[in-house]
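Q: here is a sequence together with a model predicted from it:
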Number of protein chains: 6
Amino acid sequence: MTIARADGRAYDELRPVHITRAFTDVPEGSVLIECGNTRVMCTATFTPGVPRWRKDSGLGWVTAEYSMLPRATAQRTDRESVRGKIGGRTHEISRLIGRCLRGVVNMEALGENQIQLDCDVLQADGGTRTASITGAYVALVDALRWAKENGKIKAVSDVLLDSVSAVSVGVIDGEPMLDLPYVEDSRAMTDMNVAMTGSGKFIEIQGTAEHRPFSRDELNVLLDLAAKGNAELQAAQKAALEA
Amino acid sequence: MTIARADGRAYDELRPVHITRAFTDVPEGSVLIECGNTRVMCTATFTPGVPRWRKDSGLGWVTAEYSMLPRATAQRTDRESVRGKIGGRTHEISRLIGRCLRGVVNMEALGENQIQLDCDVLQADGGTRTASITGAYVALVDALRWAKENGKIKAVSDVLLDSVSAVSVGVIDGEPMLDLPYVEDSRAMTDMNVAMTGSGKFIEIQGTAEHRPFSRDELNVLLDLAAKGNAELQAAQKAALEA
Amino acid sequence: MTIARADGRAYDELRPVHITRAFTDVPEGSVLIECGNTRVMCTATFTPGVPRWRKDSGLGWVTAEYSMLPRATAQRTDRESVRGKIGGRTHEISRLIGRCLRGVVNMEALGENQIQLDCDVLQADGGTRTASITGAYVALVDALRWAKENGKIKAVSDVLLDSVSAVSVGVIDGEPMLDLPYVEDSRAMTDMNVAMTGSGKFIEIQGTAEHRPFSRDELNVLLDLAAKGNAELQAAQKAALEA
Amino acid sequence: MTIARADGRAYDELRPVHITRAFTDVPEGSVLIECGNTRVMCTATFTPGVPRWRKDSGLGWVTAEYSMLPRATAQRTDRESVRGKIGGRTHEISRLIGRCLRGVVNMEALGENQIQLDCDVLQADGGTRTASITGAYVALVDALRWAKENGKIKAVSDVLLDSVSAVSVGVIDGEPMLDLPYVEDSRAMTDMNVAMTGSGKFIEIQGTAEHRPFSRDELNVLLDLAAKGNAELQAAQKAALEA
Amino acid sequence: MTIARADGRAYDELRPVHITRAFTDVPEGSVLIECGNTRVMCTATFTPGVPRWRKDSGLGWVTAEYSMLPRATAQRTDRESVRGKIGGRTHEISRLIGRCLRGVVNMEALGENQIQLDCDVLQADGGTRTASITGAYVALVDALRWAKENGKIKAVSDVLLDSVSAVSVGVIDGEPMLDLPYVEDSRAMTDMNVAMTGSGKFIEIQGTAEHRPFSRDELNVLLDLAAKGNAELQAAQKAALEA
Amino acid sequence: MTIARADGRAYDELRPVHITRAFTDVPEGSVLIECGNTRVMCTATFTPGVPRWRKDSGLGWVTAEYSMLPRATAQRTDRESVRGKIGGRTHEISRLIGRCLRGVVNMEALGENQIQLDCDVLQADGGTRTASITGAYVALVDALRWAKENGKIKAVSDVLLDSVSAVSVGVIDGEPMLDLPYVEDSRAMTDMNVAMTGSGKFIEIQGTAEHRPFSRDELNVLLDLAAKGNAELQAAQKAALEA
């Protein structure tokens, strides 16, 4: 493992993580997460009631929407509202975030309430979907604490089955690496996003090898890296939530 | 003028203004403007070339897009990208911002280059459109300085005819007031947004009196307040740009 | 004031105004208004009930939609229905018309009924939005008279707080002018639409100076012209309604 | 044939037809056609050049768009621009009008020029699609005369192969009838729109019998009625064009 | 009648017809119809209840949707779902199919139930709309048989007033022809789709002569051909339904 | 491993696979793949030239679109063309199929040509996305053979780096299972789609555990099952391509 990374990190080293709670005033949960230069604002909105298709089920619902501000990127991206439709990438990421967060929520304990997670990327430098998942979890906890204080749920611990975070791993010039910034991500032959619980289980694995298939051995190395990264992200989440 | 304002301000007093330049790293201009609890991220994107309808005119173009994040407001607002169309209010404000900024730009000196201003409201507490104009001006100047440094224009002073800021004024329970937060704005009988240049001229006046028509005398008082407020906002812009 | 106008009018002279009531047979109010070559068909539809968000408020609602037929203009304009979305200009004007008409309606006296004003421009020669407001007012009165006759409201005079009309003013080559046709409008440095009540108060002022900021003195001259023009338009409305 | 019609007409009698040319000033052809209470504004726009798929073919193109103003009908219809899409009925009628007019145009003689026919229904009382075809033909002739005068085509007679008009026929309570107003149209068991040339040939037959199939004999009676009606409409077109 | 057809058929000869019932497993009716190289999958969905506008009428509803798979044609056609709107041709054909099938259904006997017919063209070689009608009828019958077996209707024969099929006829190089494949259809000067009942009456006649008007005599020849073709198609429907 | 599967298969047994080539006549590749009751029509369209953003790169492009016919499912699904937008699930699957197929194509050898894969689900019984990938590969090979025969590429073997197939695996009531039909899929706590090359490497792994996180050990068992299934699917692909 001797390839130098542009930012001087070791191959198994995360970028600096900063989690700011109460980033804005009104949402039930509002978090700014910074992973290196990637910055995502994650808000959690708690609303009594569930979508029509889930009414009278006794179960709650958690959903997510992801979006990039036009100048989150080096080249300005046209707004999807102006184009009049949501692109495939946005749809794919919104669905991923929603599944990951639902994976740690007990819908029965949540009751017929809905939590909407909005992840808006202020600045993009790789790993925006994984940062969104990691940040949205903290916003979710804050929204549940608000719900507990306001008598909407019995206990936060009933609703939360576990914590969840996510990180990207990839193979760059043949070397497995943890937490890819844009410059590495765009060169990766294999690219994998791994969401894990605090107890070390998988909630979502999305590995794609459009540019070069990967072997079972490589997969195992990548999953080891992801486990290390997620453990560190979960420590950061915990520290932020205890602050 | 004896009505108490919820935040204790005098009737002719602005909310605290903070302007942060280089709020994000990649845009040619990136500004966070805070007017009380209202916070808008304004970026300016400088692109060589102009839209097709303006080609070979020798003239530049300046345009703006305004948007609110879903939880900028107390009640979550559905994304316009999800609804598949831009609402009338968004259209109206985007067009207003564009006109105001074009009002201080010499399109010939800009040459066939385009500046796109994106104003994304992170938190809304009244006056988001006027804060957008005031903040976008600072982002515009930064983008022009970038353009000068990168040899895209000859001099910033050639392109900028003047500065521009905007502020809201309104009549609350019969009393004219400067710079309305949401709690006042929603009760205003008359509501006016006034964009003025650094030299004290008007670029845009939009007064609406859906709830009670206003007299010429009231108009004059409101315009006096707006002139005072804009002068102070322009001082804040200048201080930020000299920092 | 020595600049000759293309149509020989004095600087403070309106174009000829013709208001035809009952232009079509079925609407509760149906008006053709002609201001010079500008012709707008304005219909008012009275419907029992209000939109969902206003139910059980005891209040009525008035709303407006503006549109141009494809060959209202010298160059054919593509239909917004074909493009699949409403443009910003259309949105902006529809909202303006709605606000102006709501400004003279007592929503409590209207009760839970809705009036929809449709302003369709058959021919455009400048001032289509102000002609729409002036014509829509007459259609609104006819719809209220219909409502009174059909027992939907108690008295027209309870619902109508005042009359409303609108006119454009602008500065052409440094000279303030009243009621701009297209040829003047497109050269105006400053352009203002002013909606006023019969009692001489303002309902809406929209002044834009994209091409040259204007001073407080110029504003005052323009408002004097607008007051004169609106008084004459209101005389024309009155004459039409008494016919 | 003893059933009384609501408007007192004989079963084989057209409603009164009025054709007003130069209804508006700017289009190359602008016609108001009135068939009883049905009123349609038909404009013809002549534009040099053809759509991309027809470039360099040496052939011209004729196309049509049909639309109803919201209060053309007793119940207000929502605008298709507001709904964001064109309905099936509108699509179907626009295509029908286009085919009928193309049926009398020599595309080679028209050269690479396009004529767009816009048929906007101001008031609807049955037969709007057939009135549109009949009126659009007159607008088309005026646009071709304009084109001849402006040197865009060699001769009107080269381009026009024939005239075209259209009329509805139907079976009401078992009786064939010519030119159905809304009150009859909505009760018709069989409904047919027939477009014919001045020389008595068919360009389009659209017969639908959703409510009761019709026999070959009935078809023949209906076609006889349509032939009579179209001959009279063509006389009205001719008179208007000679005025 | 001496012109040779590319596929060697006589001028009054249908292409080979194959009707496969239960083409897929789950729909209440599922039919693959093949007319020469044209192949359409027609499914019928029986659903209790009717659209809102028809509620409490005691009447049923039958509706249809037509679509082409992207590579049904020699050149790939973009999906309408990707383009975000349905084209005029699709709208026109969907409406045609719906009218034809409704033409043989007794809505009172159907009761407040809805049947949706989906006609998806797997391969297109002319006559896709007429094949859709012919195939949809068979799917409709299967859905009604299912409804009878499941106690949703009293008897199939109460609901079905008659059978219906459709075929295209046209004039190619001056010769009337039955059942046009694409190569003929694209050269036809006159093109007619004729839907007829088993008892030999017309449900829909759509004749278009964009390229050369046709005379009453030609019409009569074409209708004779259509009657012959429809009788044969109805024999094929009957055989399939008895199988 | 003692749980009985509804269809009597062993836990590591694929459903019967049938691959029909030349399912329709015109596409360069046209395949019907049946995996149990799941049936997908996969066509490959070869077009010279690439999308604009890839021009002059010397590289080809492969893309995919996935769609379900309305009655592929037990409950009819509304068409996305009718709803006017593509849903998130469709977007996600289309992108997945595209990435998998691009993963085995040498874009340089393909040259500036595009292959569009259309996967239309005729009948859905679980595993539609994996069946689409497996079938699309066969259609891709046929399109490349067509391209070779028509002189568009030098050799099929230059363009194809490997074969690719995909299969689903999941945990049902605690037991890992291969190739889930709908009845199992909807009960799966963990669900994974695995695309592999003929040489046994991974192109895409998408594991989701919305309902119960999975451990590293479970992952390993699931990947073993997927490897077995993919090897068998690749044998079926090979047999079909040699037929």
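A: Looks like it came in fine.

Q: could you list the low-pLDDT ranges of chain A?
A: Regions of chain A meeting the criterion pLDDT under 70 cover residues A:1-3.

Q: in it, what residue is nearest chain C?
A: Taking C-beta to the nearest C-beta, chain C has its nearest neighbour within chain A at A:G84, 6.2 Å off. In this view, the C-beta of every residue, glycine as well, is placed from N, C-alpha and C.

Q: neighbours around the closest residue in space to that residue that isn't next to it in sequence, how many?
A: If the residues on either side of it in the chain are set aside, A:G84 comes closest to B:G84, at 5.6 Å by C-beta to C-beta, 6 or more residues apart in numbering or on different chains. Applying the criterion other C-beta atoms under 10 Å in any protein chain shown, we find 19 residues in the vicinity of B:G84.

Q: still on that earlier bit, surely the residue of chain A closest to chain C meets B:R83?
A: No - at 9.6 Å, A:G84 and B:R83 do not qualify as touching, with contact defined as C-beta atoms under 8 Å.

Q: strands of chain A, start to end?
A: If you assign secondary structure with DSSP state E, the strands in chain A sit at A:17-21, A:29-35, A:38-48, A:61-68, A:113-123, A:164-172, A:175-178, A:190-197, A:202-208.

Q: interface residues of chain A facing chain F?
A: Near chain F, the residues belonging to chain A are A:85-89, A:91-92, A:94-95, A:99, A:102-103, A:162, A:192, A:196-197, A:199-211, A:213-216, A:219, A:223 when assessed by C-beta under 8 Å from any C-beta of the partner chain.

Q: same thing but at 6 Å, please
A: Residues of chain A found near chain F (C-beta under 6 Å from any C-beta of the partner chain) are A:85, A:88, A:91-92, A:95, A:99, A:102-103, A:197, A:201-210, A:213-215.

Q: in PyMOL, select just the buried ones from those residues.
A: Provided next is the PyMOL selection string for whichever of these are buried by 16 or more other C-beta atoms under 10 Å in any protein chain shown:
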select buried, chain A and resi 85+88+91+92+95+99+102+103+197+201+202+203+204+205+206+207+208+209+210+213+214
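
Q: give me the number of residues near the nearest residue to A:V17 once chain neighbours are set aside?
A: If the residues on either side of it in the chain are set aside, A:V17 comes closest to A:A236, at 4.6 Å by C-beta to C-beta, 6+ apart. One way to gauge burial is a neighbour count; for A:A236, by other C-beta under 10 Å, it gives 19.

Q: repeat that for the one 4 residues further on.
A: When counting by other C-beta under 10 Å, one arrives at 19 neighbours for A:A240.

Q: chain neighbours aside, what residue packs nearest to it?
A: A:A240 sits nearest to A:I19 (C-beta to C-beta, 6+ apart), 3.9 Å away.

Q: A:Y137 touches A:V164, doesn't it?
A: Yes - with contact defined as C-beta atoms under 6 Å, A:Y137 and A:V164 form a contacting pair (5.2 Å).

Q: between those two, tell me which one has more neighbours.
A: Neighbour tally, A:Y137 and A:V164, criterion other C-beta under 10 Å: the higher count belongs to A:Y137, 33 against 29.

Q: name the single longest helix found in chain A.
A: Taking residue count as the measure and DSSP state H as the definition, the longest helix of chain A comes out as helix A:216-242.

Q: elements contacting that helix?
A: strand A:17-21, helix A:128-149, strand A:164-172, strand A:175-178, strand A:190-197 (3 or more C-beta pairs under 6 Å, 6 or more residues apart in numbering or on different chains; DSSP states H and E).

Q: may I see the buried residues of it?
A: Buried, per 16+ other C-beta under 10 Å, within helix A:216-242: A:218-219, A:222-223, A:225-230, A:232-234, A:236-237, A:240.

Q: pick out the residue of chain A closest to chain E.
A: Each residue of chain A has a distance to chain E, by C-beta to the nearest C-beta, and the smallest belongs to A:K85, at 6.2 Å.

Q: contacts only, for that residue.
A: F:K85 (C-beta atoms under 6 Å, 6 or more residues apart in numbering or on different chains).

Q: would you mind measuring from it to F:S81?
A: Plainly put, A:K85 is 13 Å away from F:S81 if you go by C-beta to C-beta, to the nearest Å.

Q: with A:R212 instead?
A: A:R212 sits 37 Å away from F:S81 when distances are taken as C-beta to C-beta.

Q: quick one: which of these two has more around it?
A: When A:R212 is set against F:S81 and neighbours are counted by other C-beta under 10 Å, the residue ahead is F:S81, at 21 against 15.

Q: could you list the buried residues of stretch A:177-196?
A: When burial is assessed from 16+ other C-beta under 10 Å, stretch A:177-196 yields the following buried residues: A:177-182, A:184-185, A:188-196.
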